[in-house]
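> Here you go, sequence then predicted model.
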Amino acid sequence: MANTRAPSTGEPYYLRNFLLLADTVLARDGALFTDEERARLDSVRALPLPARLLLLRLAGRREGWLRHSRLRYPEIPALDEALDVLEGAGWLERAPAAESPPEELAAGLTHEECLHLLRVAGQPLRGGAQAARRRLQALLREDCHTESFVQLGLWPADNSLLCALAGLDQWVRLHQHGLFRLLELLFFGNRHQDLRQFVVSELGLQRFETVKPGGEPDADGWIRSRVEAEELLEAGARLDRLQEELDELRRELKGWRRRLRLPPGPARRARDLLRAAWELATPAQLSHLPMPLRPQDGAAQLRRTRLRALLAGAALLERLGRPGAAAAWQRMALELGVEGRRRGETWLRLVVNLRHSGRLESAQAACQQALAEQPGPVIRRELEQRLGGARPLREPPVLRWSQLRHPGHAGGRTLLQADSGAALCVEELALARFAHDGWQGLHVENLLPRALVGLAAWNLIFAPVPGAFLHRFHAAPLDWGRPGFVERRAEEWRRLRTRLLRERHRAGVRERLHSKAGLQNPLVNWSVFQPGGEPSGHDPGLWRRGLELLLEVLPGRLLAELCEGLLREPSELGHGLPDLLLWRESGPGQPPEWQLVEVKGPGDRLFLAQRLWLDWLLERGLPVSLLLIEEEVVPRRSPADPVGA
């Protein structure tokens with residue numbers, strides 16, 4: 001089994017891991033750093049141990065001013081001495097200058113402090129902590145509000161937030177914060193992982209497959225230049241802010257109806273957000289971006305980040321009731337190269353918006369263009385339905401039960417009352433009633449089929465394809481879910497398909513279930529196979545028996561189709577499979593009787609992905625049915641009815 005932990009040297013793990021990260025990046029991408037930056041990173045080793053530890057702790061915090069009272073680390077008892085060393089070495093500054101922008105310092109306030117200042121300014125107090133902080137920062141950019149805070153004695157006249165509330169706290173700001181973000185980006189190959197990834201690995205919460213980077217010598221040089229890396233970091237940070245503000249505006253518009261006039265405040269914010277989305281996307285520059293060398297290199301990530309801003313603006317235009325403008329933005333995103341599942345979804349939204357704006361012929365033409373690109377099965381079916389040429393889907397046999405509704409709820413889900421009086425969700429109730437007829441079963445939904453494919457295709461998923469692996473913390477290749485994933489592993493796919501068609505795959509799946517246990521895989525949820533995992537109280541032995549059953553009863557040719565579908569479209573086809581796997585043991589030497597059941601409770605209905613999976617299973621002759629559990633209605637007794645009648 002692969003071991004992903006760094007060898008212990010007596011230093012705290014996060015210090016060892018940072019040095020590993022820095023050494024790896026400088027050896028591979030040292031040309032992207034200036035001589036001064038390399039010397040600055042080398043100087044970390046010369047700092048006293050407490051100062052080194054504090055430096056890395058601060059590098060893991062948000063950028064900007066931090067409150068001294070919030071810096072508490074048990075391994076750094078002499079905090080002020082470490083701060084003095086780092087300040088003397090030029091790594092940080094303390095006590096913000098009087099001219100520091102108040103809105104920048106407001107990021108260090110607590111939620112309660114933000115609400116207090118908003119209350120003083122007469123502002124509404126809706127939303128969570130981030131919304132309150134952003135609203136306060138926007139107010140503090142306006143001189144009139146800052147003046148009112150000063151007059152009320154809540155803000156010093158010199159605009160320093162240092163003593164705005166209590167007058168006792170100190171502030172600390174780390175310099176070179178961008179240098180640490182650049183190191184993380186170059187090491188991990190994405191903006192989503194950071195130094196905390198080392199922590200979960202060190203604690204044994206996650207373990208990873210060992211993969212040697214393969215291909216040409218420059219396969220790991222996924223960033224072309226320092227400018228490209230900095231553009232990617234800046235664009236990603238701007239996109240994050242944009243998404244947060246869009247989410248806040250959507251929540252505010254939740255009760256708004258399009259036939260009503262948009263209030264002035266939200267209208268102004270909507271205009272500002274549309275402008276920000278357009279400026280971030282910069283469509284004119286997008287067309288001149290260099291074409292990516294690989295699906296996950298820096299140019300590809302930068303292009304996707306800018307296109308996501310364009311699509312976010314289109315979604316806001318839809319919400320504002322402007323389908324024509326939304327369609328124009330979506331058309332532009334398609335022309336500029338939006339890819340993968342997002343491309344199919346964009347085609348679908350374009351068709352819908354063209355129809356809503358009365359351009360029916362354009363909508364028909366867009367449908368045909370989208371279908372010519374052969375999108376995933378769910379998007380393809382929706383487009384075919386709009387063209388009127390979709391074939392009827394096969395309908396499974398239907399079972400109908402009725403059960404009393406329980407007054408409680410579980411996470412918004414309807415609960416039904418079992419014969420014992422217990423409150424059960426529809427899947428639990430179905431398993432309990434099938435058990436009366438001798439069936440064993442699991443609420444597998446997508447877990448077991450995905451795990452079976454993940455174990456069967458393990459070597460393909462972790463094949464050393466150029467640019468797919470940059471470090472030792474990959475739960476999946478960098479191009480997972482991207483167009484061409486299978487084609488870039490054509491030889492591995494040929495070998496896997498041959499084994500499946502020749503029915504020679506079962507021993508390999510069983511061996512990996514044990515030898516790879518716990519290693520991250522994008523299709524395998526190990527918790528169901530291990531004691532103490534999720535769902536709570538599950539039986540790992542029963543889940544292993546369920547996996548073994550699928551391995552036995554599914555022919556290799558069918559598993560080959562399943563593998564190809566999930567490897568090409570993991571996000572689109574990775575959900576919608578039937579809820580229950582049931583089996584009933586037969587006599588000695590006889591294969592078990594088995595079936596798949598999709599369960600729907602009161603008021604629930606099949607969504608498209610589920611209908612497509614049922615059609616696929618029925619076409620291949622597999623035993624699958626649909627169970628509809630309806631609410632049992634107890635007739636009211638008339639007052640005239642005799643008691644006990």
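Perfect, I can see it now.
> use CA for all of it now, contacts and neighbours both
Noted.
> To what extent is residue 198 buried, counted in neighbours?
Using other Cα atoms under 10 Å, residue 198 is surrounded by 23 other residues.
> Not counting sequence-adjacent ones, nearest residue to it?
residue 17 (6.7 Å; Cα to Cα, 6 or more residues apart in numbering).
> Assumed that neighbour was part of a helix.
Yes - Residue 17: assigned to a helix according to DSSP: H, G, I helix; E, B strand; the rest coil.
> neighbours of it, just the number please.
Residue 17 - counted by other Cα under 10 Å - has 20 other residues nearby.
> after the lowest-mean-pLDDT helix or strand in the chain, next one along is what?
Each helix and strand of the chain was given a mean pLDDT (mean pLDDT, DSSP states H and E); the minimum falls on helix 143-151 at a mean of 54. Going down the chain from helix 143-151, the next helix or strand is strand 171-174, by DSSP states H and E.
> before we move on, which element is residue 55 in?
helix 49-59.
> That helix: which residues count as buried?
49, 50, 51, 52, 53, 54, 55, 56, 58, 59 (16 or more other Cα atoms under 10 Å).
> go on, stretch 79-92?
Buried, per 16+ other Cα under 10 Å, within stretch 79-92: 79, 82, 83, 85, 86, 87, 91, 92.
> Equivalent analysis for stretch 618-627, please.
For stretch 618-627, by 16+ other Cα under 10 Å, it's 618, 624, 625, 626, 627.
> then that stretch to PDB, C-alphas only?
The C-alpha coordinates for stretch 618-627 follow below in PDB (Å, rounded to 0.1, in the frame of the first residue of the first chain):
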ATOM      1  CA  LEU A 618     -34.000  -2.500 -19.100                       C
ATOM      2  CA  GLU A 619     -32.600  -2.500 -22.600                       C
ATOM      3  CA  ARG A 620     -29.900  -4.900 -21.300                       C
ATOM      4  CA  GLY A 621     -32.300  -7.200 -19.700                       C
ATOM      5  CA  LEU A 622     -31.400  -6.500 -16.000                       C
ATOM      6  CA  PRO A 623     -34.000  -7.000 -13.300                       C
ATOM      7  CA  VAL A 624     -35.100  -3.500 -12.300                       C
ATOM      8  CA  SER A 625     -38.300  -2.000 -11.100                       C
ATOM      9  CA  LEU A 626     -39.900   1.200  -9.800                       C
ATOM     10  CA  LEU A 627     -41.400   1.300  -6.300                       C
END
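> got the contact list for it?
394, 396-401, 594-600, 614, 617 (Cα atoms under 8 Å, 6 or more residues apart in numbering).
> Quick check: mean pLDDT of that stretch?
In this model, stretch 618-627 has a mean pLDDT of 96.
> Closest one to residue 247 out of the contacts of stretch 618-627, please.
Using Cα to Cα, residue 600 is the member of the contacts of stretch 618-627 that sits closest to residue 247, with 31.0 Å.
> next helix or strand past the top helix by length along the chain?
Longest helix of the chain, by residue count under DSSP state H: helix 226-252. Remark: after helix 226-252, the chain's next helix or strand is helix 264-281, criterion DSSP H and E.
> Report the angle between that following helix and helix 226-252.
Put simply, helix 264-281 runs at 160 degrees to helix 226-252, going by axes from the mean of the first three to the mean of the last three Cα atoms, to 10 degrees.
> chain center to helix 264-281, what's the gap?
In terms of Cα atoms, centre = their mean, to the nearest Å, the centre of helix 264-281 is set 25 Å apart from its chain centre.
> Would you mind listing the buried residues in that helix?
270, 273, 274, 276, 277, 278, 280, 281.
> ok, now stretch 478-489?
So for stretch 478-489, counting by 16+ other Cα under 10 Å, buried means 478, 479, 480, 481, 482, 485, 486, 489.
> The residue nearest to the last one when sequence neighbours are not counted: helix or strand, and which one exactly?
Think residue 489. Closest residue in space to residue 489, ignoring its immediate chain neighbours: residue 460 at 6.8 Å, by Cα to Cα, 6+ apart. Here residue 460 is covered by helix 458-461, with elements defined by DSSP H and E.
> what does that helix rub up against?
Under Cα under 8 Å, 6+ apart, the answer for helix 458-461 is 454, 476, 477, 489, 492, 493, 496.
> next one: stretch 562-575
341, 376, 378, 445-446, 450, 453, 457, 481-486, 609-610.
> any idea of the mean pLDDT for stretch 365-383?
pLDDT averaged over stretch 365-383 gives 94.
> how far out from the middle of the chain is the helix or strand where residue 87 lies?
Here residue 87 is covered by helix 79-88, with elements defined by DSSP H and E. Once both centres are worked out by Cα atoms, centre = their mean, helix 79-88 turns out to sit 38 Å from its chain's centre.
> got the angle for it vs helix 49-59?
Taking the same axes, to 10 degrees, one finds helix 79-88 and helix 49-59 inclined to each other by 80 degrees.
> same for helix 79-88, what does it pack against?
helix 49-59, strand 92-94 (3 or more Cα pairs under 8 Å, 6 or more residues apart in numbering; DSSP states H and E).
> Nearest approach to residue 582 belongs to which of those?
helix 49-59 (50.6 Å).
> Just after that closest one, pick out the following helix or strand.
strand 65-67.
> Neighbouring strands - and their directions - for that next one?
When pairs are called by DSSP bridges, strand 65-67 turns out to pair with strand 171-174 (antiparallel).
> Just the mean pLDDT for the partner strand, thanks.
When pLDDT is averaged over strand 171-174, the result is 86.
> residues in contact with that strand?
Taking Cα under 8 Å, 6+ apart as the rule, strand 171-174 contacts 58-59, 63-68, 91-96, 162.
> How about stretch 371-388?
341, 344-345, 348, 364, 367, 370, 390, 569, 572, 608-609, 612.
> Show only the entries of those residues found in helices.
Reading helices off those with DSSP H, I get 341, 344, 345, 348, 364, 367, 370, 572, 608, 609, 612.
> Residue 415 contacts residue 404, correct?
No - between residue 415 and residue 404 no contact is recorded; they are 9.1 Å apart, counting by Cα atoms under 8 Å.
> Show me where the stretch 351-500 of the chain has its helices.
360-372, 377-387, 426-435, 447-456, 458-461, 490-501 (DSSP state H, counting those that start in this stretch).
> what's the most buried one of those?
helix 447-456 (a mean of 23; mean count of other Cα atoms under 10 Å).
> tell me what that one is packed against?
So helix 447-456, by 3+ Cα pairs under 8 Å, 6+ apart, packs with helix 506-515, helix 540-553, helix 556-568.
> relative to helix 506-515, how tilted is it?
Using the same axes, to 10 degrees: helix 447-456 against helix 506-515 is 100 degrees.
> Figure out how far helix 447-456 is from the centre of its chain.
20 Å.
> now swap in stretch 456-463 and tell me
22 Å.
> swap in stretch 579-596?
36 Å.
> Check stretch 118-132 too.
With Cα atoms, centre = their mean as the basis, stretch 118-132 stands 29 Å off its chain's centre.
> could I get it in PDB with only the CA atoms?
Extracted in PDB, the C-alpha atoms of stretch 118-132 (Å, rounded to 0.1, in the frame of the first residue of the first chain):
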ATOM      1  CA  LEU A 118     -24.100  48.300  10.700                       C
ATOM      2  CA  ARG A 119     -26.700  48.900  13.400                       C
ATOM      3  CA  VAL A 120     -25.100  52.300  14.100                       C
ATOM      4  CA  ALA A 121     -25.200  53.100  10.400                       C
ATOM      5  CA  GLY A 122     -28.900  52.200  10.200                       C
ATOM      6  CA  GLN A 123     -28.300  49.300   7.800                       C
ATOM      7  CA  PRO A 124     -30.300  46.100   7.600                       C
ATOM      8  CA  LEU A 125     -28.800  43.100   9.500                       C
ATOM      9  CA  ARG A 126     -29.800  40.300   7.200                       C
ATOM     10  CA  GLY A 127     -27.400  37.600   5.900                       C
ATOM     11  CA  GLY A 128     -24.500  35.700   7.400                       C
ATOM     12  CA  ALA A 129     -21.100  36.800   8.600                       C
ATOM     13  CA  GLN A 130     -19.500  37.300   5.200                       C
ATOM     14  CA  ALA A 131     -22.500  39.300   3.900                       C
ATOM     15  CA  ALA A 132     -22.400  41.600   6.900                       C
END
